[in-house]
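**Q** could you work out the structure for the sequence below:
(one chain, ligands or ions: 1)
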Amino acid sequence: MYMRTINVGLGAIMVIAIVLSFAAARDFSRPNLEFLPDMVHGPTYQAFDPNPNTEDGKTLRQPAAGSIARGQMPFRYERAEEDALRAARELLSPVATDDQNAIDRGAAAFAAFCQPCHGPTGAGDGMVSKRGYPPPPSLLLEHAIKMADGQLYHVITLGQGNMPGHAGQVSREDRWSIIKYIRTMQEPARQLLAGGMSK
Ligand code: HEC
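**A** Residues are numbered from 1 along each chain as shown. Below is the predicted model of the structure:
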């Protein structure tokens, strides 16, 4: 008996609450009641607003020395022989040697960006080279085989001699993938070379 009274009472309260919540005028252009907003509402300065709180009166701050913009990998090398050799010493490939995905990706990127000049096997007999462009040296020769990954990356990024740089059209990851693919193309020649040298 008591339970029934309580249930009816609760039901009545719920109905009243629902009716009230719909009846209460809501103004969506104003914030709700804020309880202890603390420091949520500070004065805002837009990037180019003058700002009395900074030494130079500007809002936009100089990035701290050595900051790197998101997504930007610094490449502090010039298109010069000594910088290519420095890249050979300093840059390490981020791609594992047995990363088959990277090698496949490198093969596709090589076909699109390098094959026109370097040819399908890297021998230097691409279509562009056959039509009068100064042919590149074969990538299967000792010279290219012995170039460190970092130097290959330097050549692809900035170019060398008649080869234009490819930083603009081939992403950083793809450049490293291409190098892994070139290594697989070079493998037979490299083994011959290693055999010859051990004699
Ligand atoms: C427009 C034609 C062209 C394209 C495209 C091109 N190259 Fe080259 N590449 C050359 C030429 C020409 C040379 C010789 C440069 C020189 O005179 O030192 C060269 C040199 C090289 C060398 C140095 C070889 C050595 O033994 O010194 C590498 C490595 C190389 N290219 C890799 C690539 C890769 C990887 C790509 C694709 C991302 C590519 N190239 C795209 C024309 C091209």
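
**Q** helix, strand, or coil at the spatially most central residue of the chain?
**A** Against the mean C-alpha coordinate of the chain, by Cα atoms, centre = their mean, the closest residue is residue 71 at 5.2 Å. Taking DSSP: H, G, I helix; E, B strand; the rest coil as the rule, one finds residue 71 in the coil state.

**Q** show me where this structure has strands.
**A** Taking DSSP state E as the test, the strands found in the chain are 159-160, 163-164.

**Q** TSV for these, including distance to the ligand and mean pLDDT?
**A** Every C-beta, even on glycine, is put in place using the N, C-alpha and C of the backbone. Below are the strands of the chain laid out as TSV (distance: least, Cβ to the nearest ligand atom, whole Å; pLDDT from 0 to 100):
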stretch	distance to the ligand	mean pLDDT
strand 159-160	4	96
strand 163-164	3	96
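
**Q** looking at it, residue 99 is touching residue 180, isn't it?
**A** Yes. Counting by Cβ atoms under 8 Å, residue 180 is a contact partner of residue 99 at 6.8 Å.

**Q** close to the ligand: what parts of the chain are there?
**A** Residues of the chain found near the ligand (Cβ under 6 Å from any ligand atom) are 113-114, 116-118, 128, 133-134, 136-137, 139, 143-144, 152, 155-156, 160-163, 166, 170, 178.

**Q** just how off-centre is the longest helix along the chain within its chain?
**A** Secondary structure of the chain per DSSP state H: the longest helix is helix 172-198. Relative to its chain's centre, helix 172-198 lies at 25 Å (Cα atoms, centre = their mean, to the nearest Å).

**Q** fine by me, we can end here.
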